[in-house]
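Visitor: Structure for this input, please:
(2 chains)
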Amino acid sequence: MIPEALALSAVLFTIGAIGVLTRRNAILIFMCVELMLNAVNLTFVALSKLYGVTGQVFVVFVMTVAAAEAAVGLAIIIAIFRHGQTVNLKNINLLKG
Amino acid sequence: MPPSPGLFYQVHFYLFGLLAIASALAFVTRKSPIAAALWLVSVMFNLAALYVMMDAHFVGAIQVLVYAGAIMVVFLFVVMLLNLGHADELSDIRGTWGRIAAGAVGLALLAQIMAMSRTRFLSVLQPPTNPVFGGPPDRGAIGTVAQPLFTEHLLAFELTSILLLTAIVGAVAVGKRKGANDT
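Guide: Got it, this is the predicted structure:
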């Protein structure tokens, strides 16, 4: 079942990438990034059946990084919301030339 | 390569995979952030089921606990804190058919749990006594992950704690109101 798991992982990663590119809500974009991380985790677990349990150890690290990223990213989103009362990326264009 | 899995295994593998893809599609197409977050929780539960089916029991457990439990709660917390959920557009409970379906699903789950608590598990469903790669057979689902984590990858594990500490301090420092520490 490993090829099917890798294909599923690719599909989920693509859906996440499409979400990142099409959504305008900053929080939803963050959730799409989480979905992409989950897809990568699925690849690690699937390949750990072939190449050893190190893949599962890596998943633990990926989850830790995802938790840290969620905490810091959401704090940044709250700071942006306090600054401009919006999380819509259309309205956040301070760096636009 | 392990021997080819049985039909029971394959049907459930495809079932959880298709549910994950359907939930992911629903997730990227929802307008409401709260509905999207709940669909993402559904994706994570299906992935946890797939992890368990691929002999990664510990990863499946922490997928439910950490991802679906902790990280998504933080997301929902921020959505509700910033009042982005548009609670008036999300009606609480569907009509009569929704209640009937919810009651049927709840009763089915309860019956499953009662049945499972009274029977012995099939040998296919028990956690592997012989882990995927080497090692003594009595280490269990957690030991197979913990042994390399605390020996080969000990330095990375310790660095992870520093990363988490930095992230906590950074999140508090960024999210703090300006002037909140003046008083």
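Visitor: Checking the most centrally placed residue in chain A next. Helix, strand or coil?
Guide: Residue closest to the mean C-alpha point of chain A, counted by CA atoms, centre = their mean, is residue A:33 at 1.9 Å. Secondary structure, DSSP: H, G, I helix; E, B strand; the rest coil: residue A:33 is helix.
Visitor: Please verify my assumption that it contacts residue A:23.
Guide: No - applying CB atoms under 8 Å as the test, residue A:33 and residue A:23 come out as separate, 10.7 Å apart. To be clear about C-beta, it is placed using only N, CA and C from the backbone, and glycine gets the same treatment.
Visitor: Please identify which helix or strand holds residue B:75.
Guide: Following DSSP states H and E, one finds residue B:75 within helix B:72-81.
Visitor: Could you list the buried residues of that helix?
Guide: B:72, B:75, B:76, B:78, B:79 (16 or more other CB atoms under 10 Å in any protein chain shown).
Visitor: After the helix or strand where residue B:113 lies, which helix or strand is next?
Guide: Element membership for residue B:113 (DSSP H and E) is helix B:96-118. The first helix or strand that comes after helix B:96-118 along the chain, using DSSP H and E, is helix B:140-151.
Visitor: Phi and psi next, for residue A:86.
Guide: phi -150, psi 150 (degrees, to the nearest 10).
Visitor: thinking again about what came up before, dump the C-alpha coordinates for the helix holding residue B:75 into CSV.
Guide: The C-alpha coordinates for helix B:72-81 follow below in CSV (Å, rounded to 0.1, in the frame of the first residue of the first chain):
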residue,chain,number,x,y,z
MET,B,72,-6.3,23.1,15.8
VAL,B,73,-7.7,24.3,19.1
VAL,B,74,-5.1,27.2,18.9
PHE,B,75,-6.4,28.0,15.4
LEU,B,76,-10.0,27.9,16.4
PHE,B,77,-9.1,30.0,19.5
VAL,B,78,-7.6,32.7,17.3
VAL,B,79,-10.5,32.6,14.8
MET,B,80,-12.9,33.2,17.7
LEU,B,81,-10.7,35.7,19.4
